[in-house]
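Q: can't give you the sequence, but here's the structure:
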């Protein structure tokens, strides 16, 4: 950066955001650390350990973030966004009840980690915000564009696809050109105690991965027994609620097909779970809605690589613009487990050129 700027850095107490803040301080910028309290952390026990049923924003995380800020000599604040975050949990539960697979990280990034973060930056007169996400921003054709991170194993551009040019113009990802190993080594060299802190994983408010239990707690009326059927409609067994399943799921089906069985369809209206073989899990394409383009909206079909979930390797496809903010994506080769409710993100090389939300899949 050519001149010093005033940054608000989202500090979670982890190594990535800590190093992001440290790099900006090292570059001579004015930095303010902000801890976003998203849940209701439990107090520490007698041994000094903390627990949190929501799996985020623990007392220990807040302490780590504050300690790092003190070591860097920057102001630090903690703001409570629990009410807004509760709305994201409600969205998560509602999507499962509808037979869809939610992606709360994308929604949280849009509404909280950047939506509210940018609001706070404007409030204190900061020029931009920064986070510890693994992604990059470059200027291309006079506009800021979102790129994959240098470390492909840690790349988070997929969950950032809804950040438009206005947000990207006021955002920095200081560690986007670094590998995770480099980040940890730098943190150790700076004497940051979080240098070896384990990475967070899974959905932060479901640390035990038991999504069904969360749904049962919030919407006990939504889990009703129904049929499990095969691709031909034959009854195979019963389930305890469509909301407890997702497309591509294999474990917990308790169904014998003579081959590994996967969830291939969910119908919330009839409360039916459809299962099939791995081959039957593949679909030729999908229709996405609420599409946002990072390029000029294409008037003709375009070619791109499309990623349909966080751990999916983007696959070559043809994208056709449709009316009503929708797009039809046809893959060169059928892809497994295309789940309604997940994001479909479009790439040209490393550059995000658009993305939307999977409405449905199709075979032909």
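A: Cool, got the structure. It should be emphasised that the depicted structure is a prediction, and the values quoted were computed from it without experimental measurement.
Q: Name the SS class of the residue lying closest to residue 337 once chain neighbours are set aside, please.
A: Excluding the flanking residues, the one nearest residue 337 by CB to CB, 6 or more residues apart in numbering is residue 248, at 3.0 Å. From N, CA and C alone the C-beta is placed, and that goes for glycine too. At residue 248 the chain is in coil, as set by DSSP: H, G, I helix; E, B strand; the rest coil.
Q: tell me, how many neighbours does residue 248 end up with?
A: Residue 248 has 16 neighbours, counted by other CB atoms under 10 Å.
Q: For it, give me its contacts.
A: Counting by CB atoms under 8 Å, 6 or more residues apart in numbering, residue 248 touches 262-263, 281, 336-337, 339.
Q: so which of those comes closest to residue 86?
A: residue 339 (24.3 Å; CB to CB).
Q: Check the closest one and give its pLDDT.
A: The per-residue pLDDT reported for residue 339 equals 97.
Q: ok, how many other residues are close to it?
A: So residue 339, with other CB under 10 Å, has 21 neighbours.
Q: ok so, going back, in strands, which of the contacts of residue 248 appear?
A: 262-263, 336 (DSSP state E).
Q: nearest to residue 28, of those?
A: residue 336 (48.4 Å).
Q: Which pLDDT does the model give the closest one?
A: 96.
Q: picking that back up, most neighbours out of the ones in strands among the contacts of residue 248, which is it?
A: residue 263 (24 neighbours).
Q: Pretty sure residue 242 is one of the things it touches, is it not?
A: No. Between residue 263 and residue 242 there is no contact under CB atoms under 8 Å: 9.8 Å.
Q: what residues are shared contacts of those two?
A: residue 273.
Q: sorry, back to before: how far away is the residue nearest to residue 337 from residue 319?
A: According to CB to CB, to the nearest Å, residue 248 stands 22 Å off from residue 319.
Q: Kindly report the same for residue 266.
A: From residue 266 to residue 319 the distance is 25 Å (CB to CB).
Q: returning to that earlier point: now distance to residue 120 too, for the contacts of residue 248, in CSV please.
A: Formatted as CSV, those follow (distance: CB to CB, whole Å):
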residue, distance to residue 120
262, 44
263, 41
281, 43
336, 41
337, 38
339, 34
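Q: just the ones in strands among the contacts of residue 248 now: which is nearest residue 235?
A: Nearest member of the ones in strands among the contacts of residue 248 to residue 235, counting by CB to CB, is residue 263, at 15.8 Å.
Q: Where does pLDDT dip in the stretch 101-250 of the chain?
A: 201-202 (pLDDT under 70).
Q: the strands in it, which residues?
A: 128-130, 135-140, 143-148, 171-172, 226-229, 235-239 (DSSP state E, counting those that start in this stretch).
Q: Check which strands are paired with the second one and give the direction for each one.
A: Spelled out, that is strand 135-140. strand 143-148 (antiparallel) (DSSP bridges).
Q: Just checking the distance from the strand it pairs with to the centre of its chain.
A: Centroid separation for strand 143-148 versus its chain: 17 Å, with CA atoms, centre = their mean, to the nearest Å.
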